[in-house]
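Participant: Just a sequence and a predicted model for now, questions to come.
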Amino acid sequence: MTYRALSSFFYGAVLIVTARECAARDADLYTAATAAAVRQVEPRVVQLRLVGGVSSIEGVPLGRAISGLLLSSDGWVVTTSFGFEDPPTAVIAVLTGGEQLALELVAVDYVLKIALLRPTEADRPGDDWLKPEASPLRVGQTVLAVGRSYNAHAPNVSRGVVSALGRLSARAVQVDASVSSANYGGPLVDLNGHILGLLTPLPAAGSDRMSAEWYDSGIGFAVPIDRVLKSVEILRAGHDRLPGALPFSIDSKNPLASSVTVAKVDDAAAPSLRVGDRLASIESTPVLNPTHALSLMAGFCNGEQACLKLERAGEIFETQVVAIQKKPVESDKKTPRAKIARGVDD
């Protein structure tokens, strides 16, 4: 073997060893970052034990414990609403350290599928209400799905990446981390421990139940935390957020048409719209086709404002409309609180 060949051999061997050492070091840093992020968010992740009631998703029973996100030290908690379709008779929150706290249901957002709970003891002090953090979501971002459904003493953690934004009527972000009953109601966080969203099993637009197949195949969803906290501000007054309908309809004969036009208008609720207006965007999201437009239109609560961009006679203009209450289907009239949850999309 010549000197040059021998030098190349040893040089290659050094590169391989160095690459392995760097990979191991990166893995160690990744593990350390994950542990630090979980430690930071852990005090806000609680186990919620539900007493009474029966809940299931497509016939698969939910465990009688779910996760929750502690909003303040006085015990207000936000969680997924899927544990409350058949309301439990009692809810016990198990906090970090083992303290147990009795909670009661305040209100439900039937569009985002979240529920707000408060302590039955009104005199608990608390002034550290959770605020949204400046940590924008992006596709490819590493995230952690954190929950306490199965073990109140140690959080369950699943790592993955954000795979899509603006999913399910622009209500959610999609992740490939394992999202299941082990962490429903818990937070989605980044590697800095910033809370990005609330994990919840959301149904597709036009459906009143989530698809179990999505979750079985590794697709999970989280409602962005800014939308969660915006909803919480309304729920705190004890008012449920019911599904709404924008006060106009579109021409959907060709679901893949590149141009989306207004076909019918509720003149009293949307006086600025005209039949034939071309719908360009909803809440700054460009409308791609009628199918996409219908999905975006399905994500509003009754009374919620929507910003629209339209084109009329070659002129682009913006206007705002307010979603009106959807007409319930016959099956919605059976129970007071579960009725809308079972019939969100006509």
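Facilitator: It's in.
Participant: you'd agree residue 274 is up against residue 262?
Facilitator: Yes - assessed by Cβ atoms under 8 Å, residue 274 is found in contact with residue 262 at 6.9 Å. For glycine as for every other residue, the C-beta is placed from the backbone atoms N, C-alpha and C.
Participant: So for the two, which sits in the more crowded spot?
Facilitator: Using other Cβ atoms under 10 Å, the more surrounded residue of residue 274 and residue 262 is residue 262, with 20 against 14.
Participant: Which strand residues bridge the more buried one?
Facilitator: residue 250 (DSSP bridges).
Participant: Also residue 90?
Facilitator: Applying DSSP bridges, one finds that residue 90 bridges with residue 51.
Participant: how far away is it from residue 100?
Facilitator: 11 Å (Cβ to Cβ, to the nearest Å).
Participant: swap in residue 78?
Facilitator: 19 Å.
Participant: Neighbour count: the two, which is higher?
Facilitator: residue 78 (28 against 11).
Participant: Would you confirm that that one contacts residue 225?
Facilitator: No - counting by Cβ under 8 Å, residue 225 is not a contact partner of residue 78; they are 9.7 Å apart.
Participant: Where does pLDDT dip in the chain?
Facilitator: 1-28, 53-63, 122-127, 134, 204-217, 327-346 (pLDDT under 70).
Participant: any idea how it splits into domains?
Facilitator: 1-238, 244-325 (automatic domain parsing).
Participant: Just name the most buried of those domains.
Facilitator: domain 1-238 (a mean of 18; mean count of other Cβ atoms under 10 Å).
Participant: Contacts only, for residue 79.
Facilitator: 48, 66-69, 114-115, 117, 184-185, 198 (Cβ atoms under 8 Å, 6 or more residues apart in numbering).
Participant: So which residues of this protein form helices?
Facilitator: Shown for the chain, the helices assigned by DSSP state H span residues 3-41, 167-170, 212-216, 225-235, 290-297, 338-341.
Participant: same for the second one, what does it pack against?
Facilitator: Contacts of helix 167-170 with other secondary structure elements, assessed using 3 or more Cβ pairs under 8 Å, 6 or more residues apart in numbering; DSSP states H and E, are made with helix 290-297.
Participant: From the centroid of this protein, which residue is nearest?
Facilitator: The centroid of the chain falls nearest to residue 223 when counting by Cα atoms, centre = their mean (1.7 Å).
Participant: any idea how far residue 230 is from it?
Facilitator: According to Cβ to Cβ, residue 223 stands 10 Å off from residue 230.
Participant: tell me the contacts of the closest residue to residue 322 other than its chain neighbours?
Facilitator: Closest residue to residue 322 apart from its sequence neighbours, by Cβ to Cβ, 6 or more residues apart in numbering: residue 305 at 5.4 Å. Residues in contact with residue 305, defined by Cβ under 8 Å, 6+ apart, are 320-323.
Participant: Likewise for residue 229?
Facilitator: 130-132.
Participant: 6 Å instead?
Facilitator: The contact partners of residue 229, taken as Cβ atoms under 6 Å, 6 or more residues apart in numbering, are residue 132.
Participant: gap between it and residue 198?
Facilitator: 10 Å.
Participant: ok, now residue 278?
Facilitator: Taking Cβ to Cβ, one finds residue 278 at 35 Å from residue 198.
Participant: Likewise for residue 86?
Facilitator: Where residue 198 is concerned, residue 86 sits at a distance of 21 Å (Cβ to Cβ).
Participant: now residue 276
Facilitator: Where residue 198 is concerned, residue 276 sits at a distance of 40 Å (Cβ to Cβ).
Participant: again, but for residue 272
Facilitator: Relative to residue 198, and taking Cβ to Cβ, residue 272 is found at 34 Å.
Participant: Same question for residue 232.
Facilitator: 10 Å.
Participant: what touches both of those two?
Facilitator: With Cβ under 6 Å, 6+ apart, residue 232 and residue 198 have no common neighbours.
Participant: isn't residue 176 right next to residue 218, touching?
Facilitator: Yes - applying Cβ atoms under 6 Å, one finds residue 176 in contact with residue 218, separated by 5.5 Å.
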